[in-house]
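Visitor: what would the 3D arrangement of this be:
(one chain, ligands or ions: 2)
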Amino acid sequence: MTLYPQLIIDALSTVRYPGTGKNLAEAGMIADNLRIDGMKVSFSLIFEKPTDPFMKSLLKAAEAAIHAQISPEVEVTITTESRQAPRPEPGKLLPQVKNIIGISSGKGGVGKSTVAANLAVALAKLGYRVGLLDADIFGPSVPKMFQVEDARPYSEHIDGRDLIVPIERYGVKLLSIGFFVDPDQATLWRGGMAGNALKQLIGDAAWGELDYFLIDLPPGTSDIHLTIVQTLAMTGVVVVSTPQAVALADARKGINMFTNDKVNVPILGLVENMAWFTPAELPENRYYIFGKEGAKQLAEEMHVPLLGQIPLVQSICESGDKGTPVALNGDSDTGNAFLQFAAAVVRQVDRRNVEQAPTEVVRVQH
Ligand SMILES: Nc1ncnc2c1ncn2[C@@H]1O[C@H](COP(=O)(O)OP(=O)(O)O)[C@@H](O)[C@H]1O
Ligand SMILES: [Mg+2]
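Guide: Ligands and ions are numbered 1, 2, ... in the order given. Okay, the predicted model is just below:
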């Protein structure tokens, strides 16, 4: 049997690229470097992006098609090319970002997203350039908290790559998986898919120059945390907890996850959310419904700063639902509490940058 180029191209024409539904020839994905040497065939497939999600399965399908259509004896070597420049290496992403801060909590519902959103807004009000990434893939809340649920970020060709342009709101650059997929769908994803989506939101987006890049992390400890510390050198983490014992126990676990010697991300401090309840009609009163100063004590015990105490008040909840974070209004007591907290974060980051070495990304073990 004699192999010739058209035979190979015909075989590849039976394979469809799932992204567009076109076959490999139609899609212009077969590079013109096809070589035939006896029963050996080699060529490249051209992908738009170096991170194409269908790459692996397509290489298999192409080889299988040649074997099925021509002969199982054909020795196939396929390499890949991409039209776009590759994403920079882990640890070299976001070169124009000065500080990367994770907002973490041991458990869900303690107000992590509320704290992240208000911290972002408060930092922007203090004059800093701020980005906020919603990394809570399975429970994104940035779209709602910033009233941008209908936003659909577009992409722009920058430095040889197509980059997602973050949505801007209240002076904060925002990206969330919630802009791209229905969260109900995301819950069906395999772990790897969520991690890949997140890497795209970090590495394939036009974040530009930022003083603070905040990441609203998922609650607890998860594969997503692992992906983040393997992708980015985080300056530090702010841990959110309520004063309640169960929340504190989980917060402690969360702290240990970041400070263990494989990960080594500094804890910037704790913030006690829902520290006390103050009814709108009795603004002087404080009711310690989840216990008193639990997070403050945990901070002392673990030798990390307490960066703020945020009361449980109806306005925080309502403004979160309306998509207008209370930190927008610095004149209100609660808005002011978040501004003070933001100032404490700024001081702590400066201090950390003077006293401690830069964080290193966690190397992936093979
Ligand atoms: N300090 C607070 N006062 C009143 N409501 C709050 C406060 N912090 C959070 N909430 C409300 O509690 C709910 C959970 O907060 P959220 O920030 O979504 O938590 P998490 O991100 O930790 O799951 C939301 O409805 C939010 O508006
Ligand atoms: Mg949340």
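
Visitor: flag every buried residue along stretch 181-198.
Guide: For stretch 181-198, the neighbour count (16 or more other Cβ atoms under 10 Å) marks 183, 186, 189, 194, 195, 197, 198 as buried. Yep, even glycine has a C-beta here, placed from its N, CA and C like the rest.

Visitor: wait, I meant stretch 280-290
Guide: Neighbour-count burial for stretch 280-290 flags residue 290 (criterion: 16+ other Cβ under 10 Å).

Visitor: just the CA coordinates for that stretch, please, in CSV.
Guide: Presented in CSV, the C-alpha positions along stretch 280-290 are these (Å, rounded to 0.1, in the frame of the first residue of the first chain):
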residue,chain,number,x,y,z
ALA,A,280,-31.3,49.6,62.6
GLU,A,281,-33.6,51.2,65.2
LEU,A,282,-31.2,50.6,68.1
PRO,A,283,-27.8,51.5,66.5
GLU,A,284,-26.0,51.7,69.9
ASN,A,285,-27.0,48.1,70.8
ARG,A,286,-24.8,45.1,70.3
TYR,A,287,-26.1,41.5,70.6
TYR,A,288,-23.5,38.8,70.4
ILE,A,289,-25.7,36.2,68.9
PHE,A,290,-22.9,34.0,67.5
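
Visitor: and it, how far from the chain's centre?
Guide: 36 Å (Cα atoms, centre = their mean, to the nearest Å).

Visitor: for the one helix or strand residue 8 maps to, packing partners?
Guide: According to DSSP states H and E, residue 8 maps onto helix 5-12. Counting contacts by 3 or more Cβ pairs under 8 Å, 6 or more residues apart in numbering; DSSP states H and E, helix 5-12 packs against helix 55-69.

Visitor: show me what the helix it packs on is in contact with.
Guide: Helix 55-69 has contacts (Cβ atoms under 8 Å, 6 or more residues apart in numbering) with 8, 10-12, 14-15, 17-18, 24, 41, 45, 47, 52, 74, 76, 78, 80.

Visitor: assumed residue 213 was part of a strand.
Guide: Yes - checked against DSSP: H, G, I helix; E, B strand; the rest coil, residue 213 lies within a strand.

Visitor: which stretches of the stretch 101-250 of the chain form helices?
Guide: Counting by DSSP state H, counting those that start in this stretch, the stretch 101-250 of the chain has helices at residues 112-125, 142-145, 183-186, 191-203, 223-231, 245-259.

Visitor: apologies, that question was intended for the stretch 251-366 of the chain.
Guide: Assigned by DSSP H, counting those that start in this stretch, the stretch 251-366 of the chain shows helices spanning 294-301, 314-322, 333-355.

Visitor: now do the buried residues in the helix holding residue 8.
Guide: For helix 5-12, burial by neighbour count (16+ other Cβ under 10 Å) applies to 7, 8, 11, 12.

Visitor: now that helix against helix 55-69, angle please.
Guide: 120 degrees (axes from the mean of the first three to the mean of the last three Cα atoms, to 10 degrees).

Visitor: what's the mean pLDDT across helix 5-12?
Guide: Mean pLDDT, helix 5-12: 96.

Visitor: centre of the chain to that helix, how far?
Guide: 41 Å.

Visitor: can you tell me the closest non-neighbouring residue to whichever residue of the chain sits closest to ligand 2?
Guide: Here the chain gets closest to ligand 2 at one residue, residue 113, 3.2 Å apart by Cβ to the ion. Leaving out its chain neighbours, the residue that sits closest to residue 113 by Cβ to Cβ, 6 or more residues apart in numbering is residue 141, at 4.2 Å.

Visitor: the one you found contacts residue 134, doesn't it?
Guide: Yes - counting by Cβ atoms under 8 Å, residue 134 is a contact partner of residue 141 at 6.8 Å.

Visitor: looking at these two, which one has more neighbours?
Guide: Neighbour tally, residue 141 and residue 134, criterion other Cβ atoms under 10 Å: the higher count belongs to residue 134, 28 against 19.

Visitor: now the longest strand along the chain: buried residues?
Guide: Counting residues, the longest strand found in the chain (DSSP state E) is strand 267-277. By neighbour count on 16+ other Cβ under 10 Å, the buried set for strand 267-277 is 267, 268, 269, 270, 271, 272, 273, 274, 275, 276.
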